[in-house]
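[1] Here is the input, now give the coordinates:
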Amino acid sequence: MAIFSRFVTLLALTSLALVPSAVLAEETDALAHAPPQPGADDHHVEVRSNRKRASSGKKVGLAWNNPDPNMMRQFVGEGKATSWHYTWSPWNAKPKGLKIDWCPMIWGAKHEGQWKQNLANIKKAKCALGMNEPERGDQGSISPSAAAALWKRTIGKLDSSVVKVSPSPTNSAAGFTWLKNFLKACSGCEVDAIGAHFYGTSAKAMKAHLTKVHNTFGKNVWVTEFACMDFGNWKPCTKDQAWAFNNEMLNWMNARSWVTRYSAFGALVNMYNVGSSARLMTKGGSLTALGWDYIKIRY
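    Purely as a prediction, here's the structure:
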């Protein structure tokens with residue numbers, strides 16, 4: 001199976017390279033079926049219940065890696081649902097004065113030094129995200145046991161008031177297995193929510209995948225990346241398909257209390273290997289029609 005990589009870009013606020021995630025989604029017919037209930041092995045997962053909230057209740061977020069932080073301003077404000085962002089790194093991209101939460105991410109082992117460097121600011125955050133697609137060699141690329149040790153040295157040391165979100169694997173069988181093994185290796189860790197990604201063309205499959213994640217681990221879910229894109233056949237959605245997919249999924253996620261946050265892949269000038277139909281921003285940095293629809297208040 002071919003592996004697709006994204007290029008390294010620079011965040012304007014720092015001189016540090018950020019590596020946003022790529023996904024090779026395995027969208028199979030099995031995902032469209034009803035998800036299994038937790039099995040005997042799942043009872044070994046020790047995670048704490050979560051009643052913490054990262055912000056006022058708005059779920060919409062931005063997966064952000066753009067050359068001008070001021071581009072973020074158009075996503076935030078009165079009548080708009082956007083409430084949080086992350087940058088695939090331990091660094092904050094929020095422009096001065098903008099009211100939006102920031103969730104630092106420990107992308108992988110190579111970001112541990114950056115995490116320590118920015119720890120004073122990280123401690124002020126209301127939420128923190130675990131590794132990015134850790135089962136992939138071209139992304140977080142870390143074993144469950146090593147990830148558990150890294151978690152304990154970084155996110156695990158943050159205050160108990162911080163919403164701590166697990167690593168976010170792909171929606172592949174390998175990603176799901178990795179996550180189960182991580183939670184077993186991180187026995188006793190304070191994990192408040194489960195991170196998830198989804199790339200595919202079926203809203204039904206995405207619903208099934210997220211429901212499976214929720215039912216298996218019994219936790220709230222943060223969908224930190226999703227888009228209408230078929231990587232298995234290297235086929236982007238049409239604009240009409242992307243619009244229908246996003247609209248159905250946004251309404252569905254907003255209707256479920258256990259999906260507490262989500263961030264579509266597409267609030268980017270550079271879409272890397274994701275189809276342009278998923279764009280929330282133009283190449284020039286302004287909102288697309290899909291972007292305006294994404295940030296509208298739906299509840």
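[2] Show me which residues of stretch 234-252 are buried.
    236-237, 239, 242-243, 245-246, 249-250 (16 or more other C-beta atoms under 10 Å). The way it works is simple: take the backbone N, C-alpha and C, and place the C-beta from them, glycine included.
[3] actually stretch 261-270, sorry about that
    Those buried within stretch 261-270 under the rule 16+ other C-beta under 10 Å are 261-269.
[4] Go through these and say which is closest to residue 176.
    Within these, the smallest distance to residue 176 is 18.5 Å, found for residue 262 (C-beta to C-beta).
[5] gap between that closest one and residue 178?
    According to C-beta to C-beta, to the nearest Å, residue 262 stands 21 Å off from residue 178.
[6] thinking again about what came up before, can I get the buried residues of stretch 261-270 in JSON lines including distance to residue 254?
    Shown next, in JSON lines, are the buried residues of stretch 261-270 (distance: C-beta to C-beta, whole Å):
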{"residue": "261", "distance to residue 254": "11"}
{"residue": "262", "distance to residue 254": "9"}
{"residue": "263", "distance to residue 254": "14"}
{"residue": "264", "distance to residue 254": "13"}
{"residue": "265", "distance to residue 254": "18"}
{"residue": "266", "distance to residue 254": "18"}
{"residue": "267", "distance to residue 254": "18"}
{"residue": "268", "distance to residue 254": "23"}
{"residue": "269", "distance to residue 254": "27"}
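[7] re earlier: out of the buried residues of stretch 234-252, which are inside strands?
    Using DSSP state E, the subset of these located in strands is residue 236.
[8] what about residue 60, neighbour count?
    Residues near residue 60, counting by other C-beta atoms under 10 Å, number 24.
[9] isn't it right next to residue 267, touching?
    No: using C-beta atoms under 8 Å, residue 60 makes no contact with residue 267, being 10.1 Å away.
[10] intersection of neighbour lists for these two?
    Counting by C-beta atoms under 8 Å, 6 or more residues apart in numbering, residue 60 and residue 267 have no common neighbour.
[11] What residues of the helix or strand where residue 112 lies count as buried?
    Per DSSP states H and E: residue 112 is located in helix 112-117. For helix 112-117, burial by neighbour count (16+ other C-beta under 10 Å) applies to 114-115.
[12] what's the average pLDDT for that helix?
    Averaging pLDDT along helix 112-117 yields 98.
[13] How about stretch 97-108?
    Averaged over stretch 97-108, pLDDT sits at 97.
[14] all strands of the stretch 151-299 of the chain, in order?
    With strands called from DSSP state E, counting those that start in this stretch, the stretch 151-299 of the chain shows them at 163-165, 193-200, 220-230, 235-236, 259-262.
[15] Find the centremost residue of this protein, please.
    Geometric centre of the chain, nearest residue: residue 224, 1.4 Å, by C-alpha atoms, centre = their mean.
[16] Mean pLDDT and distance to residue 95 for the strands of the stretch 151-299 of the chain - can I get that in a markdown table?
    Shown next, in a markdown table, are those (pLDDT from 0 to 100; distance: least, C-beta to C-beta, whole Å):
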| stretch | mean pLDDT | distance to residue 95 |
| --- | --- | --- |
| strand 163-165 | 98 | 23 |
| strand 193-200 | 98 | 25 |
| strand 220-230 | 97 | 21 |
| strand 235-236 | 88 | 31 |
| strand 259-262 | 98 | 21 |
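[17] Quick one: closest of these to residue 143.
    Judging these by C-beta to C-beta, what sits closest to residue 143 is strand 193-200, at 17.2 Å.
[18] about what we covered before: out of the strands of the stretch 151-299 of the chain, which gets nearest to residue 147?
    Short answer: strand 193-200, nearest of these by C-beta to C-beta, at 11.9 Å.
[19] For that closest one, what is the distance to the chain centroid?
    Averaging C-alpha positions (C-alpha atoms, centre = their mean, to the nearest Å) puts strand 193-200 6 Å from its chain's average.
[20] in stretch 133-143, what counts as buried?
    Neighbour-count burial for stretch 133-143 [16+ other C-beta under 10 Å]: 133-136, 139-142.
[21] possible to save the strands of the stretch 151-299 of the chain as JSON lines with distance to residue 211?
    As requested, those are exported to JSON lines (distance: least, C-beta to C-beta, whole Å):
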{"stretch": "strand 163-165", "distance to residue 211": "18"}
{"stretch": "strand 193-200", "distance to residue 211": "11"}
{"stretch": "strand 220-230", "distance to residue 211": "9"}
{"stretch": "strand 235-236", "distance to residue 211": "25"}
{"stretch": "strand 259-262", "distance to residue 211": "10"}
